[in-house]
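Asker: Predicted coordinates and the sequence they were generated for:
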Amino acid sequence: MDLTKELSILSSGTVILNKFMKYKAIIFDLDGTAIPNAPNSMPSQKLIDTVKECKDSIILCAATGRPITNAKPILEALNLSQPCIISAGTQIVDPASGEIIWEAVINDSDIQKVMNICKPFHYEVLMRNELIGEGAPAHLRKKIDGNVNVIYVMGCAESDARGMLADFSRLENITAAGVTSWTHEGVDIHITHKNATKEHAVQELLKILNVDKDEVIGAGDADNDVHLFAGVGYKVAMGNATDRLKSLADEIIDSVDEDGLASLIKEHS
């Protein structure tokens, strides 16, 4: 047999075996995965019912770029009881009480560098748990106090987002990712400390849950979920996921509009 073909068959067989092994946890994104990527979206009744039915047989945790201020209604609708990752991987919270279990913040000097990159643009900059309308363009914001875990640059045009992301990539202590905006047309940029991506938060979450990486499924749809994929044993992309994320996935499931996440949870519970 041709060696390349043989290796391909072996790799495919490994994926099939992985798919049907017993996993202990599923960590899933919210926007574009648990809810449609649109303003004011909420989980479908099918997903809500599936979580209720299955959460005693498999650990279910969300991992979202949203701060607690606009993640909480979704977490409450799903009635999740296990710790969840919020604010682009900078915090782990108890979804019932809102208690912060783990957190990583951006260095004060890097906050100023980020703001300097944003100043030529009119886009609203949000920090910590701010909602739309509570922030301001960078050139209008006053001096920022410390203890900032996440910065969001909201509703950027794609060409501007590419330029800003290139500039942010030169800052060695931060990580920036562009995602499809849940409130605007265009791209939201999520900026965190370099040790506060979804990957790092997943590592901390697994310690809290006392679960090994190989026992965990990660499900997402956007390029920032590359970090989620890096922290789990089995990688699942939604049917509506980006091409990049699909290329890294072990499995591609139905889209968010087809309740792909509900089917995934049901299959592995």
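Answerer: That came in fine, so what should we check first? Numbering: from 1, shown residues only.

Asker: so what's the nearest residue to residue 116 once chain neighbours are set aside scoring on pLDDT?
Answerer: Nearest non-adjacent residue to residue 116, counting by C-beta to C-beta, 6 or more residues apart in numbering: residue 138, 7.8 Å away. From N, CA and C alone the C-beta is placed, and that goes for glycine too. According to the prediction, residue 138 has pLDDT 95.

Asker: what does the helix or strand harbouring residue 92 contact?
Answerer: Using DSSP states H and E, residue 92 falls within strand 91-93. Strand 91-93 has contacts (C-beta atoms under 8 Å, 6 or more residues apart in numbering) with 68, 83-86, 99-104, 149, 201, 204-205, 208.

Asker: What ranges does the stretch 151-269 of the chain have for its helices?
Answerer: 158-168, 198-209, 226-230, 243-248, 260-268 (DSSP state H, counting those that start in this stretch).

Asker: Quick one: list the elements packing against the fourth one.
Answerer: Other elements packing on helix 243-248 under the criterion 3 or more C-beta pairs under 8 Å, 6 or more residues apart in numbering; DSSP states H and E are helix 226-230, strand 234-237.

Asker: partner strands of the shortest one, parallel or antiparallel?
Answerer: Spelled out, that is strand 234-237. strand 216-220 (parallel), strand 251-252 (parallel) (DSSP bridges).

Asker: Out of those strands, which is the most enclosed?
Answerer: strand 216-220 (a mean of 27; mean count of other C-beta atoms under 10 Å).

Asker: export the helices and strands packed on helix 243-248 to JSON lines and tack on distance to residue 216, mean neighbour count and mean pLDDT?
Answerer: Output for the helices and strands packed on helix 243-248, formatted as JSON lines (distance: least, C-beta to C-beta, whole Å; neighbours: other C-beta atoms under 10 Å; pLDDT from 0 to 100):
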{"stretch": "helix 226-230", "distance to residue 216": "10", "mean neighbour count": "21", "mean pLDDT": "95"}
{"stretch": "strand 234-237", "distance to residue 216": "7", "mean neighbour count": "25", "mean pLDDT": "98"}
